[in-house]
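[1] coords below, sequence missing:
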RNA sequence: GGAGAGAUGGCUGAGUGGUCGAAAGCACCGGUCUUGAAAACCGGCAAGGAUUAACGUCCUUCUAGGGUUCAAAUCCCUAUCUCUCCGCCA
């Protein structure tokens, strides 16, 4: 959520910045709502003040010796008129504020100044290329064929159990998948200083509002009902982790968390894309990094967090590139985002495997997560999140990049200990 | 699933209808003392919002939503959550 003060002071600048990411901010509607709100606030408060004074007078009259009935009689008419007017105004005020809140909740974050302007992913800027795609002297297979050959990836049974975009992993592939998650978790927790947490994967709507998935993107989520109340399967661990500090004033920043969770996405808008294989599933696993930091530290934190995700790719010796997303390609809550894209030989291209974002105070404002500065002032914290990495897609990348002529897959060195010494999946 | 108790500021915790936004302690901030620190002592310290050039003035908030009342942290109803006991269970 944006700071309403910024909007009051400088609507046009913000409307401009939002236009860069393809969002048209309705300045007139905002100004109208805002002036209605202001008028109603002032009126409501004046009436409340009047009523309070009248009520206190009853107390004073009683204190000075009058009976309760006498005191009431003296002010009852006045209070009657005030109350009536107040009831009306409060109802109106609430409606206006609700509308204003809804209006504000639907506005995406403002892009940072150094984010390139653009319409879609073709305008993203490649920041760095790491590693070199290796050549193969045999006909390569994609992960679907490799998985079938090794009897490790069963899409048909996934369909039988659940439906399309679900998969069953088996044997060596299942173990490799698990090894990847363990390796990532250990690297971040032990080497990068993140605190490991295990969080619920079913959350309430307040949690998803806090990180910005709601109210706008409900169609992308799996919704479940329990005791007539809505709950959601998390689309990313960013939601439960970042919300650990919702409605709190935090101390001891920075906070750094890592968690390994399944993620669930309905992806209603993207049927037809990536239908083959494990690239886009309704259920997948991800190791997520979250940092909660002071405002002045978030620029540095984004670089650091991104480098932590990169370290996984480096350790796995997978070729990748780091991309700075343009204004039009960023997520709703992000002010600046780096994507890490891994090389997939079968597609002869780089595919997203991690997305690292600085949301600045956008989520903190929604969550009311603040810190005390010098023991006095409160200020919104900044929150950052990034995949470190998407486990399913990393599995694909390892399978394809480490495939051998006979269809077997070499286990990357750093994973061998997690595979109890196994060096090849055949 | 059954029975009971509870939810108050960063934390602990007092407060059962009338200047209560709320005692006290801890934590925190400032100061005195000290070579420095600790201790001790003095002072400050909830959040959000409206308005103002500023000082200030005003409003809201004691889990949430309703209700009673001239007046609600305090009484009533509902929901959520927590704790204790019983049952069930990985």
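    Good, I have the coordinates. A quick note: this is a predicted structure, and the numbers were derived from the prediction, not measured. Numbers count the residues shown, from 1 in each chain, chains lettered A, B, ... in the order given.

[2] neighbours of the closest residue to RNA strand B within the stretch 201-350 of chain A, how many?
    For the stretch 201-350 of chain A, the residue closest to RNA strand B is residue A:249, as judged by Cβ to the nearest atom of the strand, at 4.1 Å. Every C-beta, even on glycine, is put in place using the N, C-alpha and C of the backbone. Counted with other Cβ atoms under 10 Å, the neighbours of residue A:249 add up to 13.

[3] who does it bridge with?
    residue A:370 (DSSP bridges).

[4] mind listing what it touches?
    Neighbour list for residue A:249: A:370-372, A:378 [criterion: Cβ atoms under 8 Å, 6 or more residues apart in numbering].

[5] top of the residues you listed by neighbour count?
    For these, counting by other Cβ under 10 Å, the largest number of neighbours falls to residue A:371: 22 neighbours.

[6] what are the ranges of the strands in the stretch 101-250 of chain A?
    Assignment of strands within the stretch 101-250 of chain A using DSSP state E, counting those that start in this stretch yields the ranges A:125-130, A:153-154, A:168-169, A:195-196, A:202-203, A:222-226, A:229-233, A:249-250.

[7] hey, which of those strands is tucked in deepest?
    Among the strands of the stretch 101-250 of chain A, the stretch with the highest mean neighbour count (mean count of other Cβ atoms under 10 Å) is strand A:153-154, at a mean of 22.

[8] what sits up against that one?
    A:143-144, A:146-147, A:167-170, A:173, A:278.

[9] quick check: mean pLDDT of it?
    Average pLDDT, strand A:153-154: 94.

[10] okay, who's weakest in the contacts of residue A:249 by pLDDT?
    residue A:372 (81).

[11] gap between it and residue A:361?
    From residue A:372 over to residue A:361 the distance is 15 Å, taken as Cβ to Cβ, to the nearest Å.

[12] ok, residue A:117 next?
    For residue A:117, the distance to residue A:361 equals 22 Å [Cβ to Cβ].

[13] which helices and strands does the helix or strand bottoming out on mean pLDDT in chain A pack with?
    Among the helices and strands of chain A, helix A:68-105 carries the lowest confidence by mean pLDDT, DSSP states H and E, at a mean of 78. Judged by 3 or more Cβ pairs under 8 Å, 6 or more residues apart in numbering; DSSP states H and E, helix A:68-105 is in contact with helix A:27-63.

[14] the helix it packs on near RNA strand B at all?
    Yes: Helix A:27-63 reaches RNA strand B (Cβ under 7 Å from any atom of the strand) through A:38, A:41-42, A:44-46, A:48-49, A:51-56, A:58-59, A:62.
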